[in-house]
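Trainee: structure of the sequence below:
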Amino acid sequence: DFYPPTLWRNGDQFALTGNRDGAKTQYAPDVIVDAAKRFIDAECKRPFFLTVAFPMTISGKGQEVPDLNPYADQDWPTADKTRAAMITRVDRYMGQIVQRLQERRVLNRTIIIITSDRGPPSAAEGAADRFLPTGTLRGRQGELYEGGIRVPLIVSWPGSPLAPAESDLRFGMWALLPTLCDLT
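Mentor: Numbering: from 1, shown residues only. The predicted structure is shown next:
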């Protein structure tokens with residue numbers, strides 16, 4: 001439900017009053033990004049750790065976005081338009097967060113990590129191959145083939161002394177915390 005009556009923040013539940021009685025005026029991902037930007041504003045004077053987990057499904061079921069732009073006029077099934085619009089929103093959200101880091105002059109000392117928790121939707125969820133989410137890899141979500149377990153990992157550290165690079169190195173999320181500890 002992308003328009004829930006409540007959300008949780010740091011163990012406390014708070015109401016989204018714009019979603020009472022079936023109304024849909026407070027889109028949860030928008031609320032989460034606004035909270036992330038407020039957190040950056042409040043914590044930018046000292047080191048901080050922020051995780052922004054978007055409750056965005058990329059399967060063909062359960063997706064909901066406030067609008068289908070910029071894909072509304074595409075000759076695609078509604079599920080594909082919704083999925084594309086949702087991914088575009090996540091991209092926009094990341095842009096807003098990076099912009100806020102720039103405005104607060106902390107981007108050069110911030111490590112940004114973008115990844116996913118799973119592969120793309122399985123065929124059972126009605127996912128089409130329109131977007132070729134696994135490229136040439138075999139398998140999807142719920143399968144142990146590479147297409148089901150490999151996910152993108154993007155790391156940006158603008159102020160790093162390291163040269164920009166791409167790597168085919170395998171990475172597991174269990175290595176994230178020790179790697180961040182070493183870097184910091």
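Trainee: mind checking pLDDT for the most centrally placed residue in the chain?
Mentor: Centroid-nearest residue in the chain: Phe54, 4.7 Å away (criterion: CA atoms, centre = their mean). At Phe54, the pLDDT value in this model is 79.
Trainee: now do the residue nearest to Arg104 when sequence neighbours are not counted against Arg140, distance only.
Mentor: Once flanking residues are discounted, Arg104 sits nearest to Cys44: 4.0 Å by CB to CB, 6 or more residues apart in numbering. In this view, the C-beta of every residue, glycine as well, is placed from N, C-alpha and C. Distance from Cys44 to Arg140, counting by CB to CB, to the nearest Å: 39 Å.
Trainee: contacting residues around the lowest-mean-pLDDT helix or strand in the chain?
Mentor: Scoring the helices and strands of the chain by mean pLDDT, DSSP states H and E places helix 146-149 at the bottom, with a mean of 81. Contacts with helix 146-149, where a contact means CB atoms under 8 Å, 6 or more residues apart in numbering, come from Arg118, Gly119, Pro120, Ser122, Thr134, Leu137, Arg138, Gly139, Arg140, Gln141, Gly142, Glu143.
Trainee: the more surrounded of Cys44 and Arg140?
Mentor: Higher neighbour count among Cys44 and Arg140: Arg140, with 22 against 16, using other CB atoms under 10 Å.
Trainee: any idea how far Leu132 is from the more buried one?
Mentor: Per CB to CB, Arg140 is found 12 Å from Leu132.
Trainee: quick one: pLDDT of Val151?
Mentor: As predicted, Val151 sits at a pLDDT of 78.
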